[in-house]
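**Q** fold the following, please.
(one chain, ligands or ions: 1)
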Amino acid sequence: MNEKLTFFRYLITQYVRNQTDECPYCGSSHTKTIANRRLIIQLKKCSNCGLMFRYPKETIDFNANYYQEEYDEGITTQMPDIQTLENWKKTCFKGSPRDFSTQVSIVKAVVPSGNLLDFGASWGYASYQFMLSGYNVLGYELSKPRARYAKENLQVSITTSMSELLKHESFFDVVFTSHVLEHCPNFKDILDAFYKVLKPSGKLVILVPNCSNNTQITTVGFGMHHIFAFNREFFQNNLPNHGFSNLFFASSPYSSEFWEKLKEMRSFGSVDGDELLVIASKS
Ligand SMILES: [Zn+2]
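**A** Residues are numbered from 1 along each chain as shown. The predicted model follows:
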């Protein structure tokens, strides 16, 4: 089925069921609408934890089914044909639309080697580039067809099972997740899972769309795919509750000043670029 139609039917069902507007993260009923789109979807903000979330909220069941096949976000989700993939592999994805060399450099600066979890690995492009950079990589991906593609065509070790992933207790030196958490209705459980699978002092590296101002909130903060609008304040206030400390924040573009600050893990005063980078240590 067309994904817009699937989504529209989902919204109607939720309105008919009169879904509550309690915060999906902390459960508080102190939430208020701060923006809306075509009057049918709204962005609400929780005054307790600061989370900005789309209403109607997304259920875990809808999300799990939808992301198997219907979810479409261009080259992030469309698996390239084998010839295109072979060309990209020849150049280690350099210059391709899925060139992750900047992201690999960021992780290298923090954790130069070891076991890496690529959480939300899609069809394996980032996992593959981390493998070539010397990491022992495990990918996690909800979508079985994309995970199969990664395994068969890029030889990426990948699981589609959360319970399988959780068997890797205190195993990873670094958890990397890029533009994934804003799609995950259960991201609270996911943060707890990250804590569990990281080694003591292991690093969590999160990239999400940055929603630090009204323009960012209304353009990328909420819609069919993005169900949470994250900003620095949210992670600053809530990551410590999941056992993380030594928080570092930055945003794109990644200037020479950024690389200097990253070396010393000195956060920027203001973080207002379009991509938010969060690095934290397991306490
Ligand atoms: Zn809340």
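**Q** low-confidence regions, the stretch 51-200 of the chain specifically.
**A** In the predicted model of the stretch 51-200 of the chain, residues 69-70, 73, 75-76 satisfy pLDDT under 70.
**Q** pull up the gap between Ile12 and Glu141, please.
**A** Distance, Ile12 to Glu141, using Cβ to Cβ, to the nearest Å: 29 Å. (Each C-beta comes from the backbone N, C-alpha and C, glycine too.)
**Q** which one's more surrounded, the two?
**A** Glu141 (26 against 12; other Cβ atoms under 10 Å).
**Q** who are the neighbours in contact with Thr160?
**A** By Cβ atoms under 8 Å, 6 or more residues apart in numbering, the contact set of Thr160 is 140-144, 147.
**Q** these in helices, which ones?
**A** 144, 147 (DSSP state H).
**Q** buried ones only from the contacts of Thr160, please, as a PyMOL command.
**A** In PyMOL syntax, the buried subset of the contacts of Thr160 is picked out as below (16 or more other Cβ atoms under 10 Å):
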select buried, resi 140+141+142+143+147
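**Q** show me where the stretch 1-150 of the chain has its helices.
**A** 3-16, 60-69, 82-90, 101-110, 125-132, 144-154 (DSSP state H, counting those that start in this stretch).
**Q** off-centre distance for the first one?
**A** Average the C-alpha atoms of helix 3-16, do the same for its chain, and the two points are 24 Å apart (Cα atoms, centre = their mean, to the nearest Å).
**Q** would you mark the buried spots in that helix?
**A** For helix 3-16, burial by neighbour count (16+ other Cβ under 10 Å) applies to 7, 10, 14.
**Q** likewise for the last one?
**A** When burial is assessed from 16+ other Cβ under 10 Å, helix 144-154 yields the following buried residues: 146-151, 153-154.
**Q** just checking, Phe230 touches Gln216?
**A** No: look at Phe230 against Gln216 with Cβ atoms under 8 Å: they stay out of range, at 10.3 Å.
**Q** and those two? which has more neighbours close in?
**A** More crowded of Phe230 and Gln216, by other Cβ under 10 Å: Phe230, with 23 against 18.
**Q** re earlier: can I get the buried residues of helix 3-16 in a markdown table including distance to Thr20 and pLDDT?
**A** Putting those into a markdown table (distance: Cβ to Cβ, whole Å; pLDDT from 0 to 100) gives the following:
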| residue | distance to Thr20 | pLDDT |
| --- | --- | --- |
| Phe7 | 20 | 85 |
| Tyr10 | 16 | 85 |
| Gln14 | 10 | 83 |
